[in-house]
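>>> Predicted model and sequence below, questions to follow.
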Amino acid sequence: MAGTITVRFYALLRRRLRTPALEVEADALTVRELLLLAEKKAGQPFLDELLDAGTGLLEGTMILVNGENIRLKQKLETQVGAGDTVDLFSPAGGG
Amino acid sequence: MNGWMGKIVRIDLSSGQQEDIPISPETLRRWLGGRGLGVKLYSDMCPAALDPFAAANPLIFMTGPLTGTVMTSGRYQIVSRSPLTGTICDSSSGGSFGAVLKAAGLDGLVITGRADRPVYLSVHDGAVEVRDASALWGLDTQQTQGAIMGSKNLKAVAASGNRATVIADPEAYKAMAARLDRAVDKNPVTGKSLQVLGTSVLVNIINAHGMFPTRNFRAGVFNDAEGISGEKIAESLLQRQSACYKCPIGCGRTTRTRGRNGEGPEYESVWAFGAQLGISDLAAIAEANYACNELGLDTITMGSTIGCAMELHECGALGEKLDWGDAGSLAGWVADTAHRRGFGAELALGSKRLAARFGRPELAMQVKGMEIPAYDPRGAQGMALSYATSSRGGCHMRAYMIMPEVLGNPVFLDRFATAGKPEIVALFQDIAAVVDSGVLCRFLQFAMGLSTFSEMLRTVTGLDFSEEELLAVGRRIYTQERLFNNRAGFTRADDTLPPRFFQEEFQVGSSRHRRVRLEEMLDRYYAVRGWDAQGAPLPETLAELGL
């Protein structure tokens, strides 16, 4: 039986999906693979809020795996596994 | 004259006399306007530090060459010596008053002296009149009011007029403005996020980074963050977004709670009356914010000072009962502070003086007397250096390192690294000084770089500013502020943070087990700035900047 990864949505992503989080059943995969599964499970597209032409991270996108930004790891190729929490923030700012 | 009005008036409230202060074209080019020219004027008038409440202490209202032109140009800056910190200080205000003051014919208004009765100043067509304000005394603030104005018996500054800023190259200006429109619209922060969610979108972001200061900076994760987040405000309190003069972003929030309408809360205010105090009651937070708006209090200083009092009470140093999470008492504390009633008279001291008075100075979360805002410096080393070296104390606006260290704009930097941070902090400080002298809103920086600013100045004033020259203007301003502060008695010892940030670590959250490593950055920062090991600008630096 596969474990679960929690994916949480923030900022404009949450406004679009109208849900704060969902669970993806998986044991080990990359963030890129996780995003595709999450989009499928959400039932509507949202990767345009995070990715540049569907391939790289948009400037300002923040994806945290257990609180750590994937830009400091292997970006979209960062490995995630069962029990991890992945936070998705579309570009945002204030001050 | 292109860009500038060519008129700065000095008025002495003691004698009623006024005169124009002549400003050479060279001075305008070297200091621009707003914060820069205000700091220059202030430093010339006060080579030695005056008591902020002395009648002679100037209070300077400044517009800039871009005021009343491009988007977000309704702002103005007020420059003086701060009674809270003792540093030279400028305060930036949005709305539309800057554009109105300039349309009334002024680049700046320098106010000295003390009126013998309550007065207000009326500015029209370049003429300044002193008028009786006894009927206004005691009314709430609408735009600006502060302790220094009170010390001068000055209740308000009113302005009206319809003088247009002369644009040097109208065709190029129009093309530049259209490009700026598109860039701001296309940028996801200025074109979408700030509009829909306001600045409080940061609550969840900063909390997820484990650096959302909670209960006087003793934790970096606030468990109730969701309940006070920008996402939550958008679906509960928000009535509509509100915008300053010519601003397509509209980050402002017009909200409604318990039958009242008001402005805010913005991110810093949500934090100051929320996580900082362990409060998750959004209505109480909004009401405290409305009260500060009406009473002319800064929400960061107010909230942080209450949080300091709560920790003082908790550790037994303060008998007065202030408890974490006590949302019901919040509005009362704010009103009592403004009127100096009861314990409010102690809160009115600000956190530094309050904590010292009760024997625990280390519990005030401040730098140079100004309360640190809503980013725990243990979560971002560049932000820590920025707070420590800010020329007006613990503020985030001198170099907003959260942009690269958390938000990834315009580049992403490792927030826990110290290498390279001194160079970037100094660069950000210089850019901020330039934008504050334009005078434009700093949020434009999410969508534009210095080259656009240079283009704005060229099309409006007709003067060619290279990016290099603009950065030299910023460096000149920052160094002049440093010179003033050094003369006022500040030294390297003041370029620091409360001991908590060097000694205590969070146990949970993604900034856990981190401390501020200021000693790895400060010497290098001084070297980058051309200052000596004590933080005093070197003679060759002064010569290079013409100071």
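On my side now, so go ahead.
>>> In three-state terms, label residue B:345 for me.
Secondary structure, DSSP: H, G, I helix; E, B strand; the rest coil: residue B:345 is helix.
>>> Can you tell me what sits against stretch B:464-472?
B:427, B:430, B:431, B:434, B:450, B:451, B:453, B:454, B:457, B:458, B:473, B:545 (CB atoms under 8 Å, 6 or more residues apart in numbering or on different chains). No exception for glycine: its C-beta is placed from N, CA and C like everyone else's.
>>> State the helix or strand in which residue B:131 lies.
Using DSSP states H and E, residue B:131 falls within strand B:127-132.
>>> returning to what we had before: select only the buried ones of the contacts of stretch B:464-472 in PyMOL?
Filtering the contacts of stretch B:464-472 down to the buried ones (16 or more other CB atoms under 10 Å in any protein chain shown) takes a single PyMOL command:
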select buried, chain B and resi 427+430+431+434+450+453+454+457+458+473+545
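>>> Residue B:87 is in contact with residue B:490, correct?
Yes: when contacts are counted by CB atoms under 8 Å, residue B:490 is listed as touching residue B:87 (6.7 Å).
>>> related to what we said a few turns ago, neighbouring strands of the strand holding residue B:131 in the sheet, and parallel or not?
In the sheet containing strand B:127-132, its partner strands are strand B:119-124 (antiparallel), by DSSP bridges.
>>> Using neighbour counts, pick out the buried residues of the partner strand.
Under 16+ other CB under 10 Å, the buried positions of strand B:119-124 are B:119, B:120, B:121, B:122, B:123.
>>> From residue B:423, how far off is the residue nearest to residue B:105 when sequence neighbours are not counted?
The shortest distance from residue B:105 to any non-neighbouring residue, by CB to CB, 6 or more residues apart in numbering or on different chains, is to residue B:126 (3.3 Å). Distance from residue B:126 to residue B:423, counting by CB to CB, to the nearest Å: 43 Å.
>>> go on, residue B:171?
Taking CB to CB, one finds residue B:171 at 38 Å from residue B:423.
>>> One more: residue B:67?
Going from residue B:67 to residue B:423 by CB to CB gives 31 Å.
>>> Those two: which is more packed in?
residue B:67 (31 against 14; other CB atoms under 10 Å in any protein chain shown).
>>> for the more buried one, helix, strand, or coil?
coil.
>>> was I right about it contacting residue B:33?
Yes: here residue B:67 reaches residue B:33: they are 7.4 Å apart, a contact under CB under 8 Å.
>>> what do these two both touch?
Listed as contacting both residue B:67 and residue B:33 by CB under 8 Å, 6+ apart are B:438, B:439.
>>> gap between the two ends of stretch B:26-43?
Length of stretch B:26-43, first residue to last, CA to CA, to the nearest Å: 17 Å.
>>> contacts for it?
Applying CB under 8 Å, 6+ apart, the external contacts of stretch B:26-43 come out as B:4, B:8, B:21, B:23, B:58, B:60, B:62-65, B:67, B:75-81, B:88, B:90, B:92, B:107-108, B:110, B:433-434, B:436-439, B:457, B:463, B:473, B:476-477, B:480-481, B:483-484, B:546.
>>> Now, those residues that are in strands?
Using DSSP state E, the subset of the contacts of stretch B:26-43 located in strands is B:8, B:60, B:62, B:76-81, B:88, B:90, B:92, B:108, B:110.
>>> Make CSV from these and add neighbour count, distance to residue B:285 and pLDDT to it.
Below are the ones in strands among the contacts of stretch B:26-43 laid out as CSV (neighbours: other CB atoms under 10 Å in any protein chain shown; distance: CB to CB, whole Å; pLDDT from 0 to 100):
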residue, neighbour count, distance to residue B:285, pLDDT
B:8, 24, 40, 98
B:60, 24, 33, 98
B:62, 32, 32, 98
B:76, 32, 28, 98
B:77, 27, 28, 98
B:78, 23, 27, 98
B:79, 26, 31, 98
B:80, 23, 30, 98
B:81, 24, 32, 97
B:88, 26, 32, 97
B:90, 26, 28, 96
B:92, 18, 23, 95
B:108, 27, 36, 98
B:110, 22, 38, 98
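>>> Now the helix or strand hosting residue B:304 - C-alpha only, PDB.
Following DSSP H and E, one finds residue B:304 within helix B:299-314. Provided in PDB are the C-alpha atoms of helix B:299-314 (Å, rounded to 0.1, in the frame of the first residue of the first chain):
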ATOM      1  CA  THR B 299       1.100  49.400  14.400                       C
ATOM      2  CA  ILE B 300       4.500  47.700  14.500                       C
ATOM      3  CA  THR B 301       5.800  49.700  17.400                       C
ATOM      4  CA  MET B 302       2.400  49.500  19.200                       C
ATOM      5  CA  GLY B 303       2.000  45.700  18.800                       C
ATOM      6  CA  SER B 304       5.600  44.900  19.500                       C
ATOM      7  CA  THR B 305       5.600  47.000  22.600                       C
ATOM      8  CA  ILE B 306       2.500  45.200  23.900                       C
ATOM      9  CA  GLY B 307       4.200  41.900  23.200                       C
ATOM     10  CA  CYS B 308       7.300  43.100  25.100                       C
ATOM     11  CA  ALA B 309       5.000  44.000  28.100                       C
ATOM     12  CA  MET B 310       3.400  40.500  27.900                       C
ATOM     13  CA  GLU B 311       6.800  38.800  28.100                       C
ATOM     14  CA  LEU B 312       7.800  41.200  31.000                       C
ATOM     15  CA  HIS B 313       4.600  40.200  32.800                       C
ATOM     16  CA  GLU B 314       5.100  36.500  32.100                       C
END
